[in-house]
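**Student:** what's the 3D shape of this:
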Amino acid sequence: MIKRALQHTFSLLNIDYVQLNSKWNYKNIISPYYRIYYIDGGCGELTDQSVLLKLEPGHLYIIPSFTLCNLSCNDHLSQYFVQFFEESCDGISLFANNRTILKAEATDIDIKLFLRLLKINPGRGINRSDNPKIYEKDIFYKEYQELNNQQNIATYMETQGILLQLVARFLNPTIYKYHKKSIIPVKITETLSYILVNLHQELSVSYLASRVNQNIDYFSRQFKEYTGERPVNYINEKRIERAQYLMATSRMTYSEISLQTGFENLSYFSKTFKKFTGMSPREYKKQIYSVGFHQG
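**Tutor:** Here you go, the predicted structure:
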């Protein structure tokens, strides 16, 4: 029997059914969580840096975390939506090489999955003001995480199963670009976990190599072979993802976030942030405030 360990799990944030209009029109959105839409009426558009997709009834759409996109509706759009965080055992997102909006034709089962998810997770819509000054975002996230913690084991497992099924709808080879993966050596896997837990610490390549008793050059080659990235680039990418999360979920200052994510000074943090997101921290924060947590 072939054994495969499930490497990716998901944590529910919101699930709801909404009726949208022309006010649903936002540019340059980047969120630390995933979105999946099922459209059952009206029309709209989703665009990212490389694709424009029409929002059409009878179709599913996914926006992976940290994917820059635009959302718009000219008149009317009705949709089921679910928002959720991803966790992976190696710190590599399922869509790390596919951070683009994807579309799939919906089935009767997909519709039933959304209805079931709504039924077993009541009160998980976005019901507060869109004005970010009115609510505390860190409290907002903690509130929904606490709801997850309060789920009984049956509801938790069923919610997890539904999210996995919905994500799986976009993993068809005709939609999803598969990248062949080799079995990652234990020393590299352990290093990835160490990096994620210690982003606030100094993480030099020489130190990481010494931790696993490897030569720096050999360690760097192995790291790139199994992750697709050089150690420094991987570390900075994870630090910026963590910074985006902190900016969306807390009121920490840029200096505090810079320290929490391991950057030696605010200038280097700002420069690296713009390199990975295309925006300065201030521009990104402004974008978050302009959008808030609008429905969908």
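**Student:** show me the residues around the residue nearest in space to the middle of the chain that make contact.
**Tutor:** Centroid check for the chain by CA atoms, centre = their mean gives residue 65 as the closest residue, at 2.4 Å. Residue 65 sits next to 31-34, 85-86, 93, 95 when contact means CB atoms under 8 Å, 6 or more residues apart in numbering. Bear in mind the C-beta positions are built from the backbone N, C-alpha and C, glycine included.
**Student:** Can you classify it as helix, strand or coil?
**Tutor:** coil (DSSP: H, G, I helix; E, B strand; the rest coil).
**Student:** where does it land on pLDDT?
**Tutor:** pLDDT recorded at residue 65 is 84.
**Student:** Can you tell me how far residue 287 is from residue 29?
**Tutor:** Noted for residue 287: a distance of 7 Å to residue 29, by CB to CB, to the nearest Å.
**Student:** So, low pLDDT: which residues of the protein?
**Tutor:** For the chain, residues meeting the criterion pLDDT under 70 lie at 1-6, 89-92, 127-142, 177-182, 288-296.
**Student:** top helix in it by residue count?
**Tutor:** Criterion DSSP state H: the longest helix present in the chain is helix 231-249.
**Student:** CA atoms only: put that one into PDB for me.
**Tutor:** The C-alpha trace of helix 231-249 is given here as PDB (Å, rounded to 0.1, in the frame of the first residue of the first chain):
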ATOM      1  CA  PRO A 231      18.200  30.200   1.000                       C
ATOM      2  CA  VAL A 232      18.400  34.000   1.300                       C
ATOM      3  CA  ASN A 233      15.500  34.500  -1.200                       C
ATOM      4  CA  TYR A 234      13.400  31.900   0.500                       C
ATOM      5  CA  ILE A 235      13.900  33.400   3.900                       C
ATOM      6  CA  ASN A 236      13.100  36.900   2.700                       C
ATOM      7  CA  GLU A 237      10.000  35.600   0.900                       C
ATOM      8  CA  LYS A 238       8.700  34.000   4.200                       C
ATOM      9  CA  ARG A 239       9.600  37.100   6.100                       C
ATOM     10  CA  ILE A 240       7.600  39.300   3.800                       C
ATOM     11  CA  GLU A 241       4.600  36.900   3.900                       C
ATOM     12  CA  ARG A 242       4.700  37.100   7.700                       C
ATOM     13  CA  ALA A 243       5.000  40.900   7.500                       C
ATOM     14  CA  GLN A 244       1.900  41.000   5.300                       C
ATOM     15  CA  TYR A 245       0.000  38.800   7.800                       C
ATOM     16  CA  LEU A 246       1.000  41.100  10.700                       C
ATOM     17  CA  MET A 247       0.000  44.200   8.800                       C
ATOM     18  CA  ALA A 248      -3.400  42.700   8.000                       C
ATOM     19  CA  THR A 249      -4.100  41.300  11.500                       C
END
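**Student:** Show me which residues of it are buried.
**Tutor:** 231, 234-249 (16 or more other CB atoms under 10 Å).
**Student:** quick one, strands of the stretch 101-250 of the chain?
**Tutor:** Taking DSSP state E, counting those that start in this stretch, the strands of the stretch 101-250 of the chain run over residues 102-105.
**Student:** Show me where it has its helices.
**Tutor:** Taking DSSP state H, counting those that start in this stretch, the helices of the stretch 101-250 of the chain run over residues 108-120, 137-150, 153-168, 186-197, 205-211, 216-227, 231-249.
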